[in-house]
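[1] What would the 3D arrangement of this be:
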Amino acid sequence: MADLQTRMKQAVADAAVERIQSGMVLGLGSGSTAALMIEALGRKLGSGELRDIVAVPTSFQSQVLAARLAIPLTDLNAVGAIDLAIDGADEVDPCFQLIKGGGACHVQEKLVAARAHRFVVVVDSSKLVDRLNLAFPLPIEVLPAAWKQVSQAVEGLAASAALRMAQRKAGPVVTDQGNLVLDASFKDGISDPVRLEAQLNNIPGVLENGLFVNITDQVLVGDIAADTVGVRELERR
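    Numbering: from 1, shown residues only. Take a look at the predicted model:
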């Protein structure tokens, strides 16, 4: 299964790079599928197929990878707009609402997506869901001094909230901004992502949450049938 999933991720990464044109300002997403996209972009720049690209990374991870591949980088304050942002997602619902933040990069990811003229999401078919948050927790980035206070406020919205702990170090996950992450789970999932995004961001101590609402233009989905990998293109209505 892991190999099939990798093939689907590679297929959508390659399909996304086909949408990049020379001279663009790009937003480079984070995560495993975005990393494959960045590597494919690096190959096209190296071969001369694409040129005059400048990219805004959404995380230290994507910044390091792009720099290694000699992709020219800039930051949000240096650009007037982003032509195209490409990123993955942890969940996508039928209305193109997303949960992102599994890699704790959703603050910068949302800034870049919001600045882009076009935001394309690349996922494998396992990320498509009927309702958000039934299987994947909603990440909420919080100021370190406020994590317990925010946890109590989130629990007041009929959810559980757990401080995300690091896997290979003692203590909690620390974001690129130096903050902590709460993972929230709502008993029946998220029925109104637009309303909930605003509610959570109005809690004192919350920097940003992982709901990406009304921002996605296209979703590229990697599918596999009879051992053949394909890519579906879903456009926002």
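[2] From here on, just use CA atoms for contacts and neighbour counts.
    OK.
[3] what's near enough to touch Leu84?
    By Cα atoms under 8 Å, 6 or more residues apart in numbering, the contact set of Leu84 is Ile20, Met24, Val25, Leu26, Gly27, Ala116, His117, Arg118, Phe119, Val120.
[4] make it 7 Å
    Leu84 is in contact with Val25, Leu26, Gly27, Ala116, His117, Arg118, Phe119, counting by Cα atoms under 7 Å, 6 or more residues apart in numbering.
[5] I'd like to know which of those are buried.
    For the contacts of Leu84, a neighbour count by 16 or more other Cα atoms under 10 Å gives the buried set as Val25, Leu26, Gly27, Ala116, Arg118, Phe119.
[6] Hmm, the fourth one is touching Ile86, no?
    No - judged on Cα atoms under 7 Å, Ala116 makes no contact with Ile86 at a distance of 9.4 Å.
[7] which residues are common contacts for these two?
    Overlap of the contact sets of Ala116 and Ile86 (by Cα under 7 Å, 6+ apart) is empty.
[8] is it possible to export the buried ones among the contacts of Leu84 to CSV including pLDDT?
    Output for those, formatted as CSV (pLDDT from 0 to 100):
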residue, pLDDT
Val25, 98
Leu26, 98
Gly27, 98
Ala116, 98
Arg118, 98
Phe119, 98
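[9] Which members of these are the farthest-apart pair?
    Comparing all pairs in the buried ones among the contacts of Leu84 by Cα to Cα, the longest separation belongs to Val25 and Phe119, at 12.4 Å.
[10] residue ranges for the helices of the chain, please.
    Secondary structure of the chain, counting by DSSP state H: helices at 2-17, 32-47, 60-68, 106-115, 147-155, 193-201.
[11] Redo these as TSV? Include mean pLDDT and mean neighbour count.
    Listed next are the helices of the chain as TSV, based on pLDDT from 0 to 100; neighbours: other Cα atoms under 10 Å:
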stretch	mean pLDDT	mean neighbour count
helix 2-17	88	20
helix 32-47	96	20
helix 60-68	97	16
helix 106-115	98	22
helix 147-155	98	18
helix 193-201	98	15
